[in-house]
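>>> From the sequence below, what's the structure:
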Amino acid sequence: MHMRKEKQATARMRHLFERAGFGATPADIADAAQSPVRKVVRMLFKQSESYTPFTIIDPEEYSPKKQLKNMAQNGMLDRESLKTRIKENAELVRDLNVAWLDQMASGKGALREKMALFWHGHFACRAQGRNGLVMQQYANVIRQHALGKFGDLLIAVSKTPAMLQFLNARQNKKNAPNENFAREVMELFTLGRGNYTEHDIKEAARAFTGWSSNIDGEFVFRQQAHDTGEKEIFGKTGAFTGDDVLTMLLNQKQTARYITGKLYRYFVNEQEDKQRVDTLADAFYRSGYDITQLMESIFTADWFYEPANVGAHIKSPVELLAGMRRTLGVQFDQPQPQVFVQRTLGQTLFYPPNVAGWPGGKNWIDSSSLLFRMKLPDYVLKAAEVNIRSKDEADVNAELLAKRGKNQFTTTINWDEFEKPFQRVNDEELPETLATYLLPYPLQPVQQQLLAKTLKPGQTHSERIRTLTAALMSLPEYQLS
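Numbers count the residues shown, from 1 in each chain. You can find the predicted model right below:
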């Protein structure tokens with residue numbers, strides 16, 4: 001009986017660490033299993049309280065002003081310098097990508113980074129051309145506000161130069177309104193499709209006129225480009241500004257419902273429990289859109305740990321890679337393979353497919369990506385050579401990733417740390433015990449037979465742990481959390 005309770009507590013903690021972060025080492029899970037869920041959830045929030053901005057790209061060295069100056073020759077833009085600068089910026093975005101992945105895999109502030117990854121898909125923004133620095137700024141904004149008030153996040157991310165550029169806000173002027181930004185703010189960021197009219201969008205676009213950024217990558221409001229006339233939005237009339245529109249959107253309960261539903265589908269289950277989401281959304285609205293309060297309600301709820309919600313989430317490529325790294329303490333010698341994995345599986349940080357972000361769920365799996373997903377543990381754990389082309393070879397990063405050795409996974413793994421909780425587990429119980437830490441479901445007899453075949457006679461206990469770990473991570477169930 002005691003043994004079964006212990007297993008249940010371990011399975012619960014594995015589920016929590018997977019969903020509220022990117023997994024954990026078996027030692028961390030075993031340690032957390034000794035405490036009540038509430039205490040562990042509080043600890044996760046405590047660990048994510050502080051925030052350190054990324055400073056991979058030096059604002060002095062790579063300021064847009066300095067870049068333009070370096071590219072200009074006799075008052076004209078030099079084409080070769082421009083090409084060099086675009087390539088350099090793509091490399092900087094790649095460095096930023098890997099730095100963020102390192103942060104996710106480190107386990108430090110995992111909940112903040114997991115929330116920021118969700119917001120990256122929600123406030124989807126794509127790196128374009130000469131803008132490594134503005135992508136760093138955008139990443140820092142979503143990381144800084146990831147667990148704060150949704151209203152602060154909405155306003156801050158809407159005013160980032162990266163987002164203004166991506167959604168053509170700078171082309172939105174009083175004599176020629178551009179509706180792109182106004183439409184996405186309503187459809188994707190707040191209300192969801194069908195909860196506004198075309199008239200609301202047209203009028204809101206007028207309110208957002210004048211929103212822009214300067215050459216130093218700072219938000220500016222250009223008064224002369226702003227339409228000061230009266231607008232009619234959501235049945236109200238006034239000389240509204242862009243900030244007024246965001247306030248109006250936050251005042252609508254539908255925004256709380258839309259955001260809560262999306263968070264529930266991402267962190268709990270793609271099949272929404274309407275009543276549950278309605279209750280959470282009401283509390284979210286009443287709290288002034290307090291993200292921490294909402295997520296704490298989710299992670300401490302008994303229903304979060306119900307069997308129907310365990311193993312119901314298909315790991316995104318970034319979750320899969322960061323999770324494997326976190327669990328085993330994996331370090332890559334080179335950055336390229338990590339970007340290669342993301343691109344091959346269809347989720348490259350800072351390159352969402354479009355304004356709606358990554359669709360997620362079953363969309364992560366197709367015949368080519370599934371094969372690569374199943375082989376990934378072998379590539380990572382055995383430093384194998386990969387013979388597969390990544391998707392989107394025409395992407396701006398393709399050139400960078402075409403360097404010699406891009407597909408050679410040279411890794412270091414912290415096996416000593418990983419093996420600690422299994423040192424005294426007898427050989428017979430080893431597969432099932434390892435599975436409790438690595439898989440969302442108990443092992444089936446057919447899986448146990450499969451695992452037994454991977455073991456070789458005369459293996460040491462440590463070798464058995466490593467062989468079984470690689471085999472468990474290659475099972476389809478490891479793709480779920």
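
>>> Map the structural domains onto the sequence of this protein.
Per the record's domain assignment (automatic domain parsing), the chain is made up of the domains 253-309, 415-479.

>>> Out of those, flag the one nearest Thr228.
Minimum separation from Thr228 across those (Cβ to Cβ) falls at domain 253-309, 26.3 Å. Placement of C-beta: from N, CA and C, glycine included.

>>> Could you export the domains of the chain to a markdown table, including columns for distance to Ile215, mean neighbour count and mean pLDDT?
Below are the domains of the chain laid out as a markdown table (distance: least, Cβ to Cβ, whole Å; neighbours: other Cβ atoms under 10 Å; pLDDT from 0 to 100):
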| stretch | distance to Ile215 | mean neighbour count | mean pLDDT |
| --- | --- | --- | --- |
| domain 253-309 | 33 | 17 | 98 |
| domain 415-479 | 45 | 15 | 96 |
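
>>> Distance of Glu319 relative to Thr260?
Applying Cβ to Cβ, to the nearest Å, the value for Glu319 to Thr260 is 21 Å.

>>> coming back round to it: reformat the domains of the chain as a markdown table; add distance to Thr247.
What follows is those, written out as a markdown table (distance: least, Cβ to Cβ, whole Å):
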| stretch | distance to Thr247 |
| --- | --- |
| domain 253-309 | 11 |
| domain 415-479 | 42 |
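
>>> For burial, what's the neighbour tally of the residue nearest to Met186 when sequence neighbours are not counted?
Nearest-residue entry for Met186: Tyr196, 4.7 Å, with adjacent residues in sequence omitted and distances by Cβ to Cβ, 6 or more residues apart in numbering. Number of residues near Tyr196 (other Cβ atoms under 10 Å) recorded here: 22.

>>> Centre-most residue in the chain?
Leu117 (2.1 Å; Cα atoms, centre = their mean).

>>> Please tell me the pLDDT value assigned to that one.
According to the per-residue confidence, Leu117 scores 98 in pLDDT.

>>> That one against Met104, yeah?
Yes: between Leu117 and Met104 there is a contact at 7.2 Å, judged by Cβ atoms under 8 Å.

>>> hey, what's in contact with both of the two?
Counting by Cβ atoms under 8 Å, 6 or more residues apart in numbering, the residues touching both Leu117 and Met104 are Val318.

>>> Beyond the helix or strand of the chain with the lowest mean pLDDT, next helix or strand please.
Among the helical and strand segments of the chain, the one scoring lowest on mean pLDDT, DSSP states H and E is helix 398-401, with a mean of 44. Per DSSP states H and E, the first helix or strand lying C-terminal to helix 398-401 is strand 411-412.

>>> my read is the residue nearest to Met186 is in a helix, agree?
No: counting by DSSP: H, G, I helix; E, B strand; the rest coil, Tyr196 falls outside a helix, being coil.

>>> Would you mind measuring from it to Thr190?
Here the criterion is Cβ to Cβ. By it, Tyr196 lies 9 Å from Thr190.

>>> cool, and Gly361?
Applying Cβ to Cβ, one obtains 22 Å for the distance of Gly361 from Thr190.

>>> who has more neighbours, these two?
Applying other Cβ under 10 Å to Gly361 and Thr190 shows that Thr190 carries more neighbours, namely 23 against 14.

>>> That one and Gly151 touch, don't they?
No: with contact defined as Cβ under 8 Å, Thr190 and Gly151 do not form a contacting pair (10.1 Å).

>>> Find residues that contact each of the two.
What both Thr190 and Gly151 touch, as defined by Cβ under 8 Å, 6+ apart, is the set Leu250.

>>> How many residues are close by Thr247?
14.

>>> quick one on the thing from earlier: with just CA atoms, put the helix or strand hosting the residue nearest to the centre of the chain into CSV.
Taking DSSP H and E as the definition, one finds Leu117 inside helix 110-122. Coordinates of each C-alpha in helix 110-122 appear next as CSV, following Å, rounded to 0.1, in the frame of the first residue of the first chain:
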residue,chain,number,x,y,z
ALA,A,110,11.1,26.9,-15.3
LEU,A,111,7.5,28.1,-14.7
ARG,A,112,8.2,31.6,-16.0
GLU,A,113,9.9,30.2,-19.1
LYS,A,114,7.0,27.7,-19.8
MET,A,115,4.5,30.6,-19.5
ALA,A,116,6.7,32.8,-21.8
LEU,A,117,6.8,29.9,-24.4
PHE,A,118,3.0,29.9,-24.2
TRP,A,119,2.8,33.7,-24.7
HIS,A,120,5.3,33.4,-27.6
GLY,A,121,2.7,31.3,-29.4
HIS,A,122,-0.2,33.6,-28.3
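
>>> packing partners for it?
Where contact means 3 or more Cβ pairs under 8 Å, 6 or more residues apart in numbering; DSSP states H and E, helix 110-122 is packed against helix 37-47, helix 79-106, helix 132-144, helix 253-267, helix 291-300, helix 317-328.

>>> Now those in a markdown table, please, with extra columns for distance to Thr228.
Putting the helices and strands packed on helix 110-122 into a markdown table (distance: least, Cβ to Cβ, whole Å) gives the following:
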| stretch | distance to Thr228 |
| --- | --- |
| helix 37-47 | 44 |
| helix 79-106 | 37 |
| helix 132-144 | 28 |
| helix 253-267 | 26 |
| helix 291-300 | 34 |
| helix 317-328 | 44 |
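
>>> what's the least confident stretch among these?
Per-stretch averages of pLDDT across these put helix 79-106 at the bottom, with a mean of 89.

>>> Which elements pack onto it?
Using 3+ Cβ pairs under 8 Å, 6+ apart as the contact definition, the elements that helix 79-106 packs against are helix 64-71, helix 110-122, helix 132-144, helix 317-328, helix 336-345, helix 398-401.

>>> Pull out the buried positions in it.
Counting neighbours by 16 or more other Cβ atoms under 10 Å, one finds that the buried residues in helix 79-106 are 82, 85-86, 89-90, 92-105.

>>> and the angle for it with helix 317-328?
With axes from the mean of the first three to the mean of the last three Cα atoms, to 10 degrees applied, the angle from helix 79-106 to helix 317-328 works out at 50 degrees.
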